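Asks: got a predicted model here, sequence first, then my questions.
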Amino acid sequence: MGIWAVASYPVFEQYGSPEVVALDDAGRCRVLVSYSGKWTPLDTVHDSKWLAPSAFADLDARVDGSELYAAGQSGNVFQIAAYPNGVLDARLVASLPGREIHTLVAGELDPTLPGGELLAFTRPGGLYLLKPSRTRAGFDAQYLGDLPGRVRDALVLPGPADEPASIATVSRDGRLAILQLDAGVPRFGIVHEEAMGMGRLAMRKSAAGETLVLYSTCDDGRVLRHEELPDEGWRTETIYAGPQGPRGLAAGRFAEDPTLETIAVFGYSRTVQLL
């Protein structure tokens with residue numbers, strides 16, 4: 001049994017610490033709740049294929065608070081709702097037949113559309129927009145078009161709420177790109193290209209006045225640092241060359257000095273490297 005992806009979200013709003021969400025190759029989504037140093041796993045989804053991507057946002061007005069979303073190989077999209085008594089409720093809200101879902105992004109991504117949206121990046125390379133249905137239970141899925149490569153990771157960049165969200169993506173075709181939705185139409189701007197698949201993304205937590213910094217991984221083991229400089233565009237440099245097949249990347253505070261820029265990378269080498 002293998003864990004395909006792990007994320008942390010405030011699933012239960014009444015608890016002070018966020019929960020850990022783990023998705024595995026048996027099609028299970030587990031929410032781990034912390035209490036006095038102990039973790040309690042809550043099983044929510046039992047799909048027939050692997051689950052990997054997840055997202056957390058308040059998209060559905062029919063559900064109180066924010067919802068957790070999970071998807072995977074079968075093309076099914078599940079919504080998990082949390083309740084004050086510590087109970088989780090999971091239901092199927094959409095299905096994309098013949099499409100593996102590899103990445104989800106949720107939030108108010110297009111200010112020209114009412115409410116929030118859920119974006120699903122698929123294999124074969126494709127992009128879908130999902131919104132709560134006005135006529136039935138579940139979500140309606142709108143096909144936005146094919147993509148040249150499978151998007152393996154994505155994250156929403158900080159920006160003004162009244163403008164289209166900027167979404168950084170990395171894909172199997174070796175591109176780091178910024179996606180924006182213009183009245184539901186996807187627009188991509190290329191930041192960096194490699195002759196190698198790119199796989200994972202992380203973002204430095206920047207203080208006021210600091211530049212935007214992204215980190216990405218390449219299949220050959222390199223970790224890249226991308227900094228957006230005022231009036232100069234993006235500057236990219238290699239900051240690490242390690243084992244092939246990195247599958248995880250995290251930016252955060254891993255040292256006593258909070259000003260020290262640090263990331264962790266891990267993968268098929270089964271070793272976590274702090275950079």
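Replies: All right, it came through fine. Numbering: from 1, shown residues only.

Asks: using the three-state scheme, assign the residue nearest to residue 154 when sequence neighbours are not counted.
Replies: Distances taken as C-beta to C-beta, 6 or more residues apart in numbering place residue 169 nearest to residue 154, at 4.5 Å, with adjacent residues excluded. From N, CA and C alone the C-beta is placed, and that goes for glycine too. State at residue 169, reduced to three classes by DSSP: H, G, I helix; E, B strand; the rest coil: strand.

Asks: and residue 169, how many neighbours?
Replies: Neighbour count of residue 169, defined by other C-beta atoms under 10 Å: 25.

Asks: give me the distance between it and residue 93.
Replies: To residue 93, residue 169 is 23 Å away according to C-beta to C-beta, to the nearest Å.

Asks: likewise for residue 188?
Replies: 27 Å.

Asks: residue 50 now?
Replies: Note on residue 50: its distance to residue 93, by C-beta to C-beta, is 19 Å.

Asks: cool, and residue 51?
Replies: With C-beta to C-beta as the criterion, residue 51 and residue 93 are 14 Å apart.

Asks: which one's more surrounded, the two?
Replies: Counted by other C-beta under 10 Å, residue 51 and residue 93 do not tie: residue 51 has more neighbours, with 27 against 23.

Asks: the more buried one reaches residue 28, doesn't it?
Replies: Yes. Between residue 51 and residue 28 there is a contact under C-beta atoms under 8 Å: 6.9 Å.

Asks: so what's in contact with these two at the same time?
Replies: Counting by C-beta atoms under 8 Å, 6 or more residues apart in numbering, the contacts common to residue 51 and residue 28 are residue 45.

Asks: could you check stretch 16-35 and say which residues are buried?
Replies: If you call a residue buried by 16 or more other C-beta atoms under 10 Å, then stretch 16-35 has these buried ones: 19, 20, 21, 22, 23, 24, 27, 28, 29, 30, 31, 33.

Asks: grab the nearest non-local neighbour of the second one.
Replies: Beyond its immediate neighbours in the sequence, the residue positioned closest to residue 20 (C-beta to C-beta, 6+ apart) is residue 32, lying 4.3 Å away.

Asks: residue ranges for the helices of the stretch 51-200 of the chain, please.
Replies: Taking DSSP state H, counting those that start in this stretch to define them, one finds no helices in the stretch 51-200 of the chain.

Asks: please enumerate the strands of it.
Replies: Remark: strands assigned in the stretch 51-200 of the chain by DSSP state E, counting those that start in this stretch are 51-57, 67-72, 76-82, 88-95, 100-107, 117-123, 126-132, 139-146, 151-156, 167-171, 175-182, 185-193, 198-203.

Asks: quick one: closest of the ones you listed to residue 10.
Replies: Closest to residue 10 of the strands of the stretch 51-200 of the chain, according to C-beta to C-beta: strand 51-57, at 7.8 Å.

Asks: tell me how far the closest one is from the chain's mean position?
Replies: Centroid separation for strand 51-57 versus its chain: 7 Å, with C-alpha atoms, centre = their mean, to the nearest Å.

Asks: what lines up beside it in the sheet?
Replies: Applying DSSP bridges, strand 51-57 is found paired with strand 67-72 (antiparallel).

Asks: for the partner strand, which outside residues touch it?
Replies: 4, 9, 11, 21, 23, 27, 29, 31, 44-45, 47, 49-60, 77-82, 93, 100-101, 104, 106, 118, 120.

Asks: pLDDT score for residue 177?
Replies: Looking at residue 177, its pLDDT is 98.

Asks: whoops, residue 1 was the one
Replies: With respect to pLDDT, residue 1 scores 59.

Asks: and residue 104, by the same measure?
Replies: Listed pLDDT for residue 104 reads 98.
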